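A.B. asks: coordinates for the following, if possible.
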Amino acid sequence: MNRHRLLSSLSVLGLAGGVAAAASGCNSSSSSSGPGLGVDSMLFIKRQTTTVQNGQVVVDVAGGNGQVLDYQRYVPGGSLNILSPPRPDGTVTNLTAAYGSADFNGADVSFDATQAVFSMKKDGNDHYHVYTVDLVGGQHTIHQKTAGDYDDINPIYLPGGLIAFVTNEMYTAMGTRADEYEHSREALQLATISVDGGDADRHLFAQNLSHTVAPFLRSDGRIGYSQWEHFADVNDVKIRVVNPDGTQVLAVAGQHGKPVNSLFSVKELSPNVMIGIGTARDRTIHAGTLVKIDARNQNDPVCLDASQYAKGGTIGHACLDEENASYKVLTPEVPTGSDPSPAGRYREPSVLPDGRILVSWADGPVNDLNEQSLTPPDFGVWVYDTASGKNQLVYNDRATWDLNAVAITPRAEPPVIGSNVHTQDSTIAAVIGSVDISQTSLNETVDGAQFSNVPLSRALHDGAVAVRVIEGFSSEISTTSTPISMFGLTMFEGAAVLGEAPVYNDGSWLVKVPPFVPLHMQPIDKFGLAIRSQQLWMQTMPGESRRCVGCHESRTGQGVPAFGQNPTVAEQQLPMQQPFTEAIADRTEFPWDVKVQPILNSACTSCHNSSTTDYYTISQTNPVTGTTTLYKIPTLDLTDTPITVYYDRAVHTWPASYVSIFYPAALEMGLVKVVSGTVPPKWGIPGSARASALTQKLNLRAGDGSTAWPTSSNPLHPEDQGVQLTDDQRKTIAVYPMDLGGQYYARQNVGFMPYTAADPVNPSNATP
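C.D. replies: Sure thing, here's the model as predicted:
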């Protein structure tokens, strides 16, 4: 058994050489009196980085280089502290001295500054749980608020006596959510408790496929947070906002034109103006450059004046313009990627009463080089002055990280937003839909089949007959016998078609869907082809109504009318519609070997097999050993003969049919080199049947007898060779596999068994 001994000072082991000197950092200064924060005291966290295990020095700055988001990094010896006055010679009071082996992950101060909330893991056998501590009276009594076999971190206070935090608690009928991309751990989701009731009032929000982290309170009383968005080739962290009951998730910033991959640790400076950390998703210890984000509606004077905003006016939806958010990198000398930094990196900003930024900063590279060289970065607490662009030291203990600094001072409590969801019952459907699907602010065109560079709004108006609702799932479906690290030759996640809701003559559509799970939509034409694929996940709560004006309507325009006010045709028809709430085992999926290959075997392999196909050869060179391997890829072999290929840093074996159809598009990743032969057309393009060569080759026929492409140039195949396919078979081969994302695996071909407990929200009741 390893025995851990905490290091009281890095200098004891001669490790201090690479650690930041408080006064020598770029654009930094220090003095014994400090910068003067305008408050009497400050709350902050100390976290350890270095231990001795069996006589060997171990530095853990990010839970290992492969951990994308830091929430399971436990190093004993941390503490929650008050610094009073908040300056280098101030007095440090350890509020958690009774827990010598603890670690901490997030803290906040109450609105009246009499209490703090924090996340603590007491020892290596514990989980991170939420606690409160009294800040007045001298006793500093600690109260545990959450428990259980899961981690609760990043707590913040909300109006009305609530606490929001993120948790890896399992709570869907599918079990533990675990994204297949870059990690296989549980994903974090939002939750709330009450200050008085703790877990007795625990309220879990709907799931994202990947992590949801770093909640922050907005001036309107809603919760802002960072969301890791993994959707096909989209792989970044954006800012979202949600009501305190988990309803009405909206984008805040990061969807369009941000200068960094990921936005972490955001705080609001004024309504819809924020400060945050811009960085890569991994290898930077969640540290990066300071970014100012302005997501206000620049065309409304009320939105630009915080004093007028506070009085009412056109606030809320009309004042948030995420499509046109602007970004200002305040510390341009700090890299936005994961390269070693010449100017250190910043973490966890908070806002002082005078508008200056309280932030943790460390000099040096601040990335995975710190683990490799046994020189952890030295995060201290600094004030960043946006006017001068300089740091001034507040406090730095070189033996620990000093993080999560928050001024202890009263602040205004935003308005309480009433709850519209009073249940966690996953059997109560939510409602999603649009008032008029053709209302869009997207300046895009649609090409392929019946459309030739047609504006999106026109294509939706003329062509949309239904909306395909797709549930997303990830590697939680993997079993011991069938481990899944990818869903196939694609970056898309798993997909199940919940149904296709009709679009009525006024452009409206509406349908009931299961709550909690990630969804995305595709408006489709009469041939079943997606006109556009929504490239982000949305979630709903039980009983929630999530209606938009149109397909990505203007974010600053008129909102959606309430139910019953000038009801759309879809709203009038909703009581008679079949809800998209089938049991997991009954949802429509398209596993390749179950749905597609049998059709190919019966209708296609006599003409397209190993004896009729051409081949091309690719090479892949191992970057470590230098060994080059050649792979022979069929141009179009539709049999189920196993073929071995290289994709996404690994070797995989799939049927020749699947490889033939999807490998040409996979070559765009640039991981291999074509050394001989002719690469065929992109038979299958994940996410777009309309652009896939196989779809055009087979052509498609609608119920009215028309075809997607003219039969004069694209005869129905294989009918032109004397082989018949039904229209449903044609769509199964050439529409769903492409539009859904090119997956090989689904729940129905990996032996996945969903949880069947009556209450999947409560993991103690979940029995496989």
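
A.B. asks: any idea which element residue 203 lies in?
C.D. replies: strand 198-204 (DSSP states H and E).

A.B. asks: which element follows that strand toward the C-terminus?
C.D. replies: Downstream of strand 198-204, the first helix or strand assigned by DSSP H and E is strand 212-217.

A.B. asks: got the CA positions of the very next helix or strand once past that next one in CSV?
C.D. replies: Per DSSP H and E, the first helix or strand lying C-terminal to strand 212-217 is strand 223-231. This file holds the C-alpha atoms of strand 223-231, laid out as CSV (Å, rounded to 0.1, in the frame of the first residue of the first chain):
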residue,chain,number,x,y,z
ILE,A,223,-27.6,29.8,-14.2
GLY,A,224,-24.8,30.2,-16.7
TYR,A,225,-22.4,27.3,-17.2
SER,A,226,-19.8,25.9,-19.6
GLN,A,227,-20.8,22.9,-21.7
TRP,A,228,-18.5,20.6,-23.5
GLU,A,229,-20.1,20.2,-26.9
HIS,A,230,-19.1,17.1,-28.7
PHE,A,231,-21.1,16.7,-31.8
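
A.B. asks: following strand 223-231, which helix or strand comes up?
C.D. replies: Next element after strand 223-231 (DSSP H and E): strand 234-242.

A.B. asks: and that following strand, what does it pack onto?
C.D. replies: strand 223-231, strand 250-253, strand 262-270 (3 or more CB pairs under 8 Å, 6 or more residues apart in numbering; DSSP states H and E). The way it works is simple: take the backbone N, C-alpha and C, and place the C-beta from them, glycine included.

A.B. asks: chain center to the shortest one, what's the gap?
C.D. replies: Taking CA atoms, centre = their mean, to the nearest Å, the mean C-alpha location of strand 250-253 is offset from the chain mean by 12 Å.

A.B. asks: mean confidence score for that strand?
C.D. replies: Strand 250-253 shows a mean pLDDT of 92.

A.B. asks: now what about that strand, what contacts it?
C.D. replies: When contacts are defined by CB atoms under 8 Å, 6 or more residues apart in numbering, strand 250-253 is touched by residues 224, 238-242, 263, 272, 274, 293, 295, 317, 320, 322, 325, 327, 536, 555.

A.B. asks: direction included, what does it pair up with?
C.D. replies: strand 234-242 (antiparallel) (DSSP bridges).

A.B. asks: distance from the strand it pairs with to the middle of the chain?
C.D. replies: 6 Å.

A.B. asks: what's that strand in contact with?
C.D. replies: Applying CB under 8 Å, 6+ apart, the contact partners of strand 234-242 are 181, 190, 205, 212, 218, 222-229, 248-255, 258, 261-264, 266, 274, 276, 281, 293, 320, 491, 535-536.

A.B. asks: and the angle for that strand with strand 223-231?
C.D. replies: Strand 234-242 and strand 223-231 are oriented at 150 degrees to each other (axes from the mean of the first three to the mean of the last three CA atoms, to 10 degrees).

A.B. asks: export strand 234-242 as PDB, just CAs?
C.D. replies: Output of strand 234-242 as PDB, limited to C-alpha atoms (Å, rounded to 0.1, in the frame of the first residue of the first chain):
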ATOM      1  CA  VAL A 234     -17.600  19.900 -33.200                       C
ATOM      2  CA  ASN A 235     -15.500  19.500 -30.100                       C
ATOM      3  CA  ASP A 236     -15.300  22.600 -27.900                       C
ATOM      4  CA  VAL A 237     -16.700  24.200 -24.700                       C
ATOM      5  CA  LYS A 238     -19.400  26.900 -25.000                       C
ATOM      6  CA  ILE A 239     -21.500  28.900 -22.600                       C
ATOM      7  CA  ARG A 240     -25.100  28.100 -21.900                       C
ATOM      8  CA  VAL A 241     -27.800  29.400 -19.600                       C
ATOM      9  CA  VAL A 242     -30.700  27.600 -17.900                       C
END
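
A.B. asks: for it, which positions count as buried?
C.D. replies: 235, 236, 237, 238, 239, 240, 241, 242 (16 or more other CB atoms under 10 Å).

A.B. asks: those strands in the stretch 301-450 of the chain, which residues are they?
C.D. replies: Along the stretch 301-450 of the chain, the segments classed as strands by DSSP state E, counting those that start in this stretch run 326-329, 345-351, 357-362, 380-385, 390-395, 401-407, 430-434, 445-448.

A.B. asks: which of those sits closest to residue 51?
C.D. replies: strand 401-407 (13.7 Å; CB to CB).

A.B. asks: centre of the chain to that closest one, how far?
C.D. replies: 25 Å.

A.B. asks: any idea of the mean pLDDT in that strand?
C.D. replies: pLDDT averaged over strand 401-407 gives 97.

A.B. asks: what does stretch 613-626 give?
C.D. replies: Rounded mean pLDDT across stretch 613-626 is 92.

A.B. asks: just the CA trace of the biggest helix by length in the chain, in PDB.
C.D. replies: Ranked by number of residues, the top helix in the chain under DSSP state H is helix 656-666. What follows is helix 656-666, C-alpha atoms only, in PDB (Å, rounded to 0.1, in the frame of the first residue of the first chain):
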ATOM      1  CA  ALA A 656     -16.000  -4.500 -46.300                       C
ATOM      2  CA  SER A 657     -19.400  -2.900 -47.100                       C
ATOM      3  CA  TYR A 658     -19.100  -0.400 -44.200                       C
ATOM      4  CA  VAL A 659     -15.400   0.400 -44.900                       C
ATOM      5  CA  SER A 660     -16.100   0.800 -48.600                       C
ATOM      6  CA  ILE A 661     -18.900   3.300 -48.000                       C
ATOM      7  CA  PHE A 662     -17.500   5.400 -45.200                       C
ATOM      8  CA  TYR A 663     -13.700   5.300 -45.500                       C
ATOM      9  CA  PRO A 664     -13.300   7.800 -48.400                       C
ATOM     10  CA  ALA A 665     -14.900  10.500 -46.200                       C
ATOM     11  CA  ALA A 666     -12.800   9.300 -43.200                       C
END
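
A.B. asks: show me which residues of that helix are buried.
C.D. replies: 656, 657, 658, 659, 660, 661, 662, 663, 664, 665, 666.

A.B. asks: tell me the helices and strands packed up against it.
C.D. replies: Identification of packing neighbours for helix 656-666 by 3+ CB pairs under 8 Å, 6+ apart yields strand 628-634, strand 642-647.

A.B. asks: put together TSV for those, with mean neighbour count and distance to residue 466 on each row.
C.D. replies: TSV is the format used below for the helices and strands packed on helix 656-666 (neighbours: other CB atoms under 10 Å; distance: least, CB to CB, whole Å):
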stretch	mean neighbour count	distance to residue 466
strand 628-634	16	35
strand 642-647	18	33
